[in-house]
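Participant: here is my input, please return the structure:
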Amino acid sequence: LDAGSDTQPSAWRPTAVAPDSGGQVPPPTTSAAPTMSQVETYQHALSDYQGGNYDFAVQEFADYLKFFKTGPFASNAQYYIGMIHYAKGDYETAVKEFDMVLENYPPKANKNPEARYAKGLSLMKLRRPTDAAQEFKDLIRLWPHDSLVSQACGQLKELGMNCPAPAAQPAGAKKNSKKD
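Facilitator: As a prediction, this is how the structure comes out:
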């Protein structure tokens, strides 16, 4: 599995909050070596996230980061931790988690545009429109050909602002098609 192998939906939508994990306790964290490979650890966490088992997923993504902090899915794992907090309505924590994606991984890392967009939405939920607008503008400036640019422009228009024109695409550049 490649860090970009799952398909990105055409329209970004946060996942609705799913019911709790049925009262189950998330797996405990340990300092022992992981029992699964990087890919298995990430796939298991992603499966729990997609199934709405957020308590398990957040712990599994955290374990992935603990054991494989420079692995190919590290920025993805950090992003999904932010998405779990967003889905639960904990926007302050979500902003901090999205900042960790933006600060700890290079701009070309998988999920960076998504983290900036989700951070902007989180800031809107926190009634911080000026900060949110800056995130949307930065997304447009840093990733002018990403599929989220049109949605970022829509958010700016919703805030009563104009959408800055993205820079011309360099010859041979491809449109971003980030994957899960």
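
Participant: ok, for T93, nearest residue in space, not its chain neighbours?
Facilitator: Closest residue to T93 apart from its sequence neighbours, by C-beta to C-beta, 6 or more residues apart in numbering: H85 at 4.3 Å. Placement of C-beta: from N, CA and C, glycine included.

Participant: show me the contacts for the one you found.
Facilitator: Contacts for H85 were tallied using C-beta atoms under 8 Å, 6 or more residues apart in numbering; they are Y91, T93, A94, E97.

Participant: one more time with 6 Å
Facilitator: When contacts are counted by C-beta atoms under 6 Å, 6 or more residues apart in numbering, H85 touches T93, A94, E97.

Participant: residues near A62, how many?
Facilitator: By the criterion of other C-beta atoms under 10 Å, A62 has 16 neighbours.

Participant: three-state assignment of it?
Facilitator: helix (DSSP: H, G, I helix; E, B strand; the rest coil).

Participant: now the residue nearest the centre of the chain, what's its secondary structure?
Facilitator: Residue closest to the mean C-alpha point of the chain, counted by C-alpha atoms, centre = their mean, is Y79 at 3.2 Å. At Y79 the chain is in helix, as set by three-state DSSP.

Participant: what sits against the residue nearest to it when sequence neighbours are not counted?
Facilitator: Leaving aside its sequence neighbours, Y79 sits nearest to K111 (C-beta to C-beta, 6+ apart; 3.9 Å). For K111, the contacting residues are S75, N76, Y79, by C-beta under 6 Å, 6+ apart.
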